[in-house]
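> this is a predicted model, with the sequence first.
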Amino acid sequence: MEGDEAMKREYAPKKKKPSEYEERRKKVTPGSLMKAIIRPGSGTEHPGEGDQVIIHCTTRTLDGVIVNSTRSEHGGNGNPVWYILGKSKMLLGFCEGLPTMLKGEVAMLKIKPELHYAEDDCPLKAPDNFPKDDELHFEIELLDFFKVKVVSEDLGVVKKIIKEGQGWESPREPYEVTSWITAMTLGGKLILSRTEEPYCFTFGKSEVPKGLEMAIGTMTRGEKATIFVSNAYLTESPLMKITEDLEDIQFEVELVHFIQVRDMLGDGRLIKRRIVDGRGEFPMDCPLHDSLLRVHYKGMLLNEEKSVFYDTRVDNDGQPLEFSSGEGLVPEGLEMCVRLMLPGEISLVTCPPDYAYDKFLRPPSVPEGAYVQWEIELLGFEMPKDWTGLSFQSIMDEADKIRNTGNRLFKEGKFELAKAKYEKVLREYNHVNPQDDEEGKVFLNSRNSLHLNVAACYQKMGEYRKSIETCNKVLDANPVHVKALYRRGMAYMLGGDFVEAKTDFEMMIKVDKSSEPDATAALLKLKQKEQEMEKKARKQFKGLFDKKPGEIAEVGTDSTEERGLDQENNEQVKLEQESHANDSTNQDGNEEAGRAVEIDQKGLFSHLWHPGRRILAALGYPKWSVVILGMMLLLATQLALVFFGQDGTRVA
């Protein structure tokens, strides 16, 4: 029985924790709040939670003395006040009394002190010299109430929708917005009248008051709304002058149009402006990677004449330009923007030279370093071919086409684009299931080749650790894969990890004698790079061990010798011949991509043990001296950590 009772308690419905308002309502006792209707209202609807209520209020003592009022005839500024029921901070008497009123009603609320400003933990501060400990009469006129959308969390900006807009998109920085705007006080005083032309401004440039801009940022094209903005959100702007006596303002806004403006690079250099809307939903209906795109475009120089240097409708016999995305066939800035367009959209693109023609085949009339502007219309696009249902041989043929495109991009030095092509095929391979051993062998060779091509791209991009990780995807399944060992060894060497590089090159000879020439050449290059490191270290630490005990040795490099070393490095630009083409340029996809000849400047201090031992030996010191030196450095480090914290601060 006890177990049943415990189970009932465990699974019994949990009581909802009372809200703050429900706790406050417990203070309402009979006679603490009385209401008398002075003028009846209209209709049958009462304001509810979430409604904005706009009221005039005059507060009197029981003797009829006015102590506070919003009305000008009673000493107020003439502007009513507004609250949002259930959200605004309000007197408890108002929380109880306002929901009982009708629109246009005038009522007298007789409220005890504990239900107005004398309430324990009252959320509002009483005005100066206010008789908060007295029972008072609050004469309230409910001017209007309606549903609103809260824009700012502190309720300083709210919006009443008059007419719904179209679409889903709202303005944001740095969109260009066109809208009709008028403004008045809550009391009806006109502050900003309707102009002959709609107001145009750039979102995010403080060209309208802050609160107004926040609310417009929630509107859609064609929407009409009344926007209520409190004084805290009325900032100076070219739209209107803000005076100290302004309290709350209501703006009437109709969002006529806005131009989508995108800062593609985040630095204001590559800007896309949408002039004509396209068809579909953004970004779902934009072109995917590898789509076949059809565009008309007109290219202009950003000079005073806006000289046109190419127009597909004129210079291409009226035919559009067709190209596949992700293949480097058009300037990078143009493709970046087209990829964010919808079919039928027309955009104006302003492009800096490094994303236009300084890194692309330059038209004769476009000077070097020129900023250009393209007017682009995306006519349509075709989605990349779906491999679902294709035979194994058809899939491999499609993979070869994409891989060959990647090889071309690699040879052109477009390593990021090439890597994207190889990785696309690898993603598709996740859904390929060879049916027999022969297909399995072809598939495995192709996949390994693609991984090694990706590793080659990472090496060219200087991301040696990622290159090593990619090679490991091949070596984890086949630890004696010669080409993967070679590629990983090169990445280790370029990253300054000489011991690991030597291990991989030596492993090549063990597992495949035919790779000995390549491995020997790689070991020779590795030795040369180690010698370069030692020379740099010797120059860097020259004189460090030449001083007698007690003398201070200065670490430095003779500038003449340093220039000589740089010249020596520059003369070693070709340390070895390219012995293989890219992995996937041959049919079996297993030939090597060209080996990069790079003088790596990294890792100078990451492997000081071997260079340090050789330097000490060259200076006539015994080998064991490096051990003593290491122990001394370790002891010094430990002492430093004892007396100083990890962050270098002194330990108390």
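Noted; the coordinates are in hand.

> so residue 320 sits against residue 381, correct?
No - counting by CB atoms under 8 Å, residue 320 sits too far from residue 381 to count as a contact (11.1 Å). C-betas here are computed from N, CA, C, even on glycine.

> mutual contacts of those two, please.
Common contact partners of residue 320 and residue 381 (CB atoms under 8 Å, 6 or more residues apart in numbering): residue 294.

> have a look at these two and say which one is more surrounded.
residue 381 (22 against 17; other CB atoms under 10 Å).

> you'd agree that one is up against residue 289?
No - Residue 381 is not in contact with residue 289 according to CB under 8 Å; the separation is 11.3 Å.

> surely residue 145 forms part of a strand?
Yes - remark: residue 145 belongs to a strand, assigned using DSSP: H, G, I helix; E, B strand; the rest coil.

> can you pull the pLDDT of residue 612?
Residue 612 carries a pLDDT value of 53.

> close enough to count as contact, residue 86 and residue 47?
No - with contact defined as CB under 8 Å, residue 86 does not reach residue 47; the gap is 10.1 Å.

> looking at those two, which is more packed in?
Legend: neighbour count by other CB under 10 Å for residue 86 and residue 47, higher for residue 47 (22 against 14).

> need the pLDDT of the spatially closest residue to the more buried one that is not a sequence neighbour.
Ranked by CB to CB, 6 or more residues apart in numbering and with sequence neighbours excluded, the top spatial neighbour of residue 47 is residue 145, at 4.0 Å. Residue 145 is assigned a pLDDT of 97 by the prediction.

> so residue 145 bridges to which residues?
residue 53 (DSSP bridges).

> and the spatially most central residue of the chain, how far is that from residue 377?
Nearest to the mean C-alpha position of the chain, by CA atoms, centre = their mean, lies residue 266 at 9.8 Å. As defined by CB to CB, to the nearest Å, residue 266 lies at a distance of 26 Å from residue 377.

> same check on residue 89?
54 Å.

> same deal with residue 517?
From residue 517 to residue 377 the distance is 56 Å (CB to CB).

> repeat that for residue 440.
Residue 440 is 48 Å from residue 377, by CB to CB.

> pick out whichever of those two has more residues nearby.
Each of residue 440 and residue 377 has its neighbours counted (other CB under 10 Å); residue 377 has more, 22 against 12.

> any idea how far the helix or strand hosting the more buried one is from the chain center?
If you go by DSSP states H and E, residue 377 is part of strand 372-382. Mean C-alpha position of strand 372-382 versus that of the full chain (CA atoms, centre = their mean, to the nearest Å) differs by 25 Å.

> what's the average pLDDT for it?
96.

> in the helix or strand following it, which residues are buried?
Remark: after strand 372-382, the chain's next helix or strand is helix 392-411, criterion DSSP H and E. Neighbour counts using 16 or more other CB atoms under 10 Å place 392, 395-396, 398-399, 402-403, 405-410 of helix 392-411 among the buried residues.

> what does stretch 240-250 give?
For stretch 240-250, using 16+ other CB under 10 Å, the buried residues are 240, 246, 247, 248, 249, 250.

> repeat that for stretch 504-517.
504, 505, 507, 508, 509, 512, 515.

> from those residues, which ones fall inside helices?
504, 505, 507, 508, 509 (DSSP state H).

> just flag the most distant two among those.
Spatial extent of these (CB to CB) is set by the pair 504 and 509 at 10.5 Å.

> so residue 76 sits right up against residue 70, yeah?
Yes - at 4.4 Å, residue 76 counts as touching residue 70 under the criterion of CB under 8 Å.

> the more surrounded of these two?
A count of neighbours by other CB under 10 Å puts residue 70 above the other of residue 76 and residue 70, at 22 against 18.

> looking at this protein, which helix or strand is least sure?
helix 559-571 (a mean of 38; mean pLDDT, DSSP states H and E).

> so what's the gap between stretch 341-355 and the chain middle?
With CA atoms, centre = their mean, you get 20 Å for stretch 341-355.

> before we move on, back to that, quick check, nearest of the buried residues of stretch 240-250 to residue 197?
residue 240 (16.0 Å).

> what's the separation between the nearest residue to that closest one once chain neighbours are set aside and residue 237?
Closest residue in space to residue 240, ignoring its immediate chain neighbours: residue 192 at 5.1 Å, by CB to CB, 6+ apart. From residue 192 across to residue 237, the span is 11 Å (CB to CB).

> now for residue 195, how many residues are close by?
For residue 195, using other CB under 10 Å, the count is 10.

> ok, now residue 450?
Residue 450: 26 neighbours (other CB under 10 Å).

> same question, the one 10 residues further on
Applying other CB under 10 Å, we find 19 other residues in the vicinity of residue 460.

> thought residue 415 was touching it, still the case?
Yes - judged on CB under 8 Å, residue 460 makes contact with residue 415 at a distance of 4.5 Å.

> fine by me, thanks again.
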